[in-house]
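[1] got a predicted structure here, sequence first:
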Amino acid sequence: MLKQAIIRTGLESLYFTGAYRALRPFFGGVGAVLTLHHVRPGRSAAFQPNRLLEVTPDFLEEVVERLLRSGVEAISLDEMHRRLVERDFGRRFVCFTFDDGYRDNHAFAYPILKKHGVPLTIYIPTSFPDRLGELWWLVLENVIAANTRVALRMDGQDCRFDCTTTQEKRQAYDAIYWWLRSLRTPEEMSLAGRDLAHRYGVDIAAFCETLCMTWDELTTLAGDPLVTIGAHTVNHIMLAKATPEAVRSEMQMSAAVIEAALGKRPQHFSYPVGDPTSAGPREFAIARELGFKTAVTTRPGVLFPEHADHLTALPRLSLNGEFQRMRYVQVLTSGAASALWNGFRRVDAA
């Protein structure tokens with residue numbers, strides 16, 4: 001909550017002081033790639049630790065309409081790649097990308113973007129439509145939401161968390177979430193998530209079945225020229241924690257499975273989680289060696305001409321569900337917030 005308050009204060013300050021307008025000519029870049037996950041009507045539950053991963057359909061449509069009215073051109077990733085490579089920067093652009101392949105992308109996001117003729121990319125972890133994926137962050141949310149006390153073994157110690165109030169639930173979620181993120185390997189994270197689900201009777205497979213698109217649904221979407229299907233590994237692991245062999249396998253197999261299912265090999269890739277603890281120079285190099293035209297992170301930033309030399313380490317701007325106000329979108333797309341975050345570096349690929 002403190003982090004959210006700090007971010008909100010920063011965005012408000014940049015907007016109401018007008019600083020974002022002053023910085024835009026210098027740090028607005030040539031375009032931006034937007035990150036989204038869920039698009040669905042808002043929920044009323046007080047405990048929603050993953051709300052940052054969802055925006056409402058109304059907000060998405062407002063963003064689309066405002067960007068188009070402002071003269072920004074919505075383009076595909078193939079067109080973005082061409083413009084970066086050919087240095088064609090006559091008009092600022094934006095790309096809409098969605099991670100994980102949630103069913104609500106089909107139900108809510110796609111009709112909005114289709115209506116406005118806006119291209120979109122959906123990055124698929126192939127274990128999700130295969131119904132083998134482990135959405136451990138939702139397992140954790142479900143366990144804490146349903147219980148007033150949660151116990152598990154962390155770093156060799158028995159730990160217990162009171163989860164009676166919303167605040168206690170949030171504190172427990174944050175503590176366990178970041179502990180899971182700190183585990184050394186994807187296998188350790190998977191084992192811990194499965195143990196938590198088993199201990200509290202949560203069906204891991206049900207999350208894929210309920211929330212994620214099937215291959216048939218993806219086939220329907222992929223038939224629209226506006227839609228690009230990208231790769232997002234097989235198992236949605238934090239690649240930086242895996243061996244080089246496992247990283248290469250996750251990337252290669254995800255592309256091969258998508259090609260087998262949809263008839264077209266994906267040319268674009270998204271690193272799961274996507275921050276510096278999840279993907280770095282080693283992963284950027286492997287994605288490039290495997291022939292992906294582009295690969296996106298979740299490192300915050302807009303695109304500059306210099307990104308033509310770092311096509312597998314591209315930044316994105318998150319449409320965060322905790323900050324669903326158009327003035328925040330204006331600040332983000334101006335490049336001002338990410339310029340401050342990145343210490344005024346244009347490229348962050350280290």
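    Ah, there it is.

[2] got a pLDDT number for residue 306?
    If you check residue 306, the pLDDT there is 98.

[3] state the distance from it to residue 30.
    10 Å (CB to CB, to the nearest Å). (C-beta placed from N, C-alpha, C; glycine too.)

[4] more neighbours: the two, which one.
    Set residue 306 next to residue 30 and count neighbours by other CB atoms under 10 Å: residue 30 wins out with 21 against 14.

[5] now that one. Nearest residue, chain neighbours left out?
    Counting by CB to CB, 6 or more residues apart in numbering, residue 89 is the residue found nearest to residue 30 once chain neighbours are left out, at 4.4 Å.

[6] which helix is the longest one in the protein?
    Longest helix in the chain by number of residues (criterion: DSSP state H): helix 244-262.

[7] could you point out which element follows it?
    Following helix 244-262 in sequence order, the next helix or strand is strand 268-270 (DSSP states H and E).

[8] chain center to that next one, what's the gap?
    11 Å (CA atoms, centre = their mean, to the nearest Å).

[9] who are the packing partners of that strand?
    strand 120-124, strand 227-231, strand 294-300 (3 or more CB pairs under 8 Å, 6 or more residues apart in numbering; DSSP states H and E).

[10] the same query, at a cut-off of 6 Å, please.
    In terms of contacts (3 or more CB pairs under 6 Å, 6 or more residues apart in numbering; DSSP states H and E), strand 268-270 is packed against strand 227-231, strand 294-300.

[11] output those in a markdown table, with distance to residue 326 appended to each entry.
    Below are the helices and strands packed on strand 268-270 laid out as a markdown table (distance: least, CB to CB, whole Å):
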| stretch | distance to residue 326 |
| --- | --- |
| strand 227-231 | 26 |
| strand 294-300 | 18 |
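
[12] redo those as a markdown table? Include distance to residue 26 and mean neighbour count.
    Shown next, in a markdown table, are the helices and strands packed on strand 268-270 (distance: least, CB to CB, whole Å; neighbours: other CB atoms under 10 Å):
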| stretch | distance to residue 26 | mean neighbour count |
| --- | --- | --- |
| strand 227-231 | 31 | 24 |
| strand 294-300 | 17 | 24 |
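
[13] separation between the residue nearest to residue 30 and residue 230?
    Distance of residue 89 to residue 230, computed by CB to CB: 23 Å.

[14] with residue 56 instead?
    Distance of residue 56 to residue 230, given as CB to CB: 24 Å.

[15] same thing with residue 93?
    17 Å.

[16] next: residue 134.
    21 Å.

[17] ok, which stretches of the stretch 251-350 of the chain are helices?
    Along the stretch 251-350 of the chain, the stretches classed as helices by DSSP state H, counting those that start in this stretch are 281-289, 326-333, 336-341.

[18] how far does the second one sit from its chain's centre?
    I take that to be helix 326-333. In terms of CA atoms, centre = their mean, the gap separating the centre of helix 326-333 from the centre of its chain is 18 Å.

[19] then stretch 122-135?
    With CA atoms, centre = their mean as the basis, stretch 122-135 stands 14 Å off its chain's centre.

[20] check which residues of that stretch are buried.
    Neighbour-count burial for stretch 122-135, counted by 16 or more other CB atoms under 10 Å, picks out 122, 123, 124, 125, 126, 127, 128, 129, 130, 133, 134, 135.
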